[in-house]
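Colleague: Structure, please.
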Amino acid sequence: MKKHFLFICFITYLTINTHLIAQVNDSVAIVQPLKKQLTPKQKYVLGALAAHQLATFYLEYKWWWEGNYHPFVMSSDGGFNNYSLGIDKVGHFYTSYVYFKTLNELMSWAEFNPKTRLWVSTAIPLVWALSIEIGDGFSSYEFSPGDLAANTLGIAYGLAQEKFPYLKNFNFKYSYFPSRYFINNNFYQWRLTSDYGGHIYWLSADINNLLAKPAKRFWPKYLNLAFGYGIADWATGRKFCLGLDWNLGAFTTKNKTVQTVKNILDFYHYPAPGIKKTGTESIKFEPILLN
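Modeller: Okay, the predicted model is just below:
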């Protein structure tokens, strides 16, 4: 297991250094020492990214891989017909999508070169996702091509939004409220990543921006319409939602830091009215749809 942990650390080292190399190429004066090429904002972003990478890998090692070494195994769990009815796959997509978007936002705030910003925002989440699957491959969790494909698609969609601005009218969001199972069991052995019944993943459409100019006055800028997917549990089945979504992008500011924070906070779907259909149950309206 020690070799396994060292391999993961090596992947982390490569990831961080890929970022630094990209920044060197981005600099106007490459011949100068690296520390003189970076602005304070860029140093902050690089430092935060390095700390995040190391902390993430350490926690994943402690939570999932420590004492769980096996020969490398690759397997498929059934995609959208697996133990979580596909919620884990949507979660992989969303996680990489948000990783890409957050890196892109932070590097834009730090005024990195656009080409470098997009390259790094794509490469680091992809290397991270691959290294996680390799780590899983040497544990009882096993390497999942489906998980890696979902991660890759999430990154690809974030990149497509940058290349084709029209797609920014359709953003992915996430909401969570503890499932009834864990509430009823006093959160015994609760873990956010395994409480699938509490997760809903949303595709939010900016209706106001999509409407023709004469019709915009009939739909407020701060409200989107979102379609959500989740599950209650394996027995009850899938859950489909349609609800309003708060569009934080409608609230503009000249402060670049506030704007960046606001954009990142907008990856979450906050409680709002909506309807849901769970399994064979009838459609229900909820003034505040939580899960």
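Colleague: Gln259 should be in a helix, yeah?
Modeller: Yes: checked against DSSP: H, G, I helix; E, B strand; the rest coil, Gln259 lies within a helix.
Colleague: From what I see, it and Thr253 are in contact.
Modeller: Yes: assessed by C-beta atoms under 8 Å, Gln259 is found in contact with Thr253 at 5.3 Å. The way it works is simple: take the backbone N, C-alpha and C, and place the C-beta from them, glycine included.
Colleague: higher neighbour count, those two?
Modeller: Counted by other C-beta atoms under 10 Å, Gln259 and Thr253 do not tie: Gln259 has more neighbours, with 17 against 10.
Colleague: so what's the more buried one up against?
Modeller: Thr252, Thr253 (C-beta atoms under 8 Å, 6 or more residues apart in numbering).
Colleague: How far off centre is stretch 173-188?
Modeller: 20 Å (C-alpha atoms, centre = their mean, to the nearest Å).
Colleague: end to end, how far does it reach?
Modeller: Its first and final residues considered, stretch 173-188 spans 27 Å by C-alpha to C-alpha, to the nearest Å.
Colleague: All further residue positions should be reported with the first residue as 174.
Modeller: With 174 as the first residue, the last one maps to stretch 346-361.
Colleague: contact partners of it?
Modeller: Taking C-beta under 8 Å, 6+ apart as the rule, stretch 346-361 contacts 267, 271, 363, 365, 368-377, 399, 401, 405-406, 418, 439-444, 463-464.
Colleague: mind running it again at 6 Å?
Modeller: Under the criterion C-beta atoms under 6 Å, 6 or more residues apart in numbering, residues 267, 363, 368, 370-375, 377, 440, 442, 463-464 lie in contact with stretch 346-361.
Colleague: Which positions within that stretch qualify as buried?
Modeller: Buried residues in stretch 346-361, counting neighbours by 16 or more other C-beta atoms under 10 Å, are found at Lys346, Tyr347, Ser348, Phe350, Ser352, Tyr354, Phe355.
Colleague: Out of those, which is nearest to Leu219?
Modeller: Set against Leu219, the nearest of these by C-beta to C-beta is Tyr347 (26.7 Å).
Colleague: part of a helix, is Leu376?
Modeller: No: using three-state DSSP, the assignment for Leu376 is strand, not a helix.
Colleague: how about the helix or strand containing Trp301: buried residues?
Modeller: Secondary structure assignment for Trp301, by DSSP states H and E: helix 287-310. Within helix 287-310, the residues that count as buried by 16+ other C-beta under 10 Å are 289-310.
Colleague: For Trp419, which non-adjacent residue is closest in space?
Modeller: Nearest residue to Trp419, sequence neighbours excluded (C-beta to C-beta, 6 or more residues apart in numbering): Tyr443, at 5.1 Å.
Colleague: what residue ranges in the stretch 174-323 of the chain are flagged as low confidence?
Modeller: 174-209 (pLDDT under 70).
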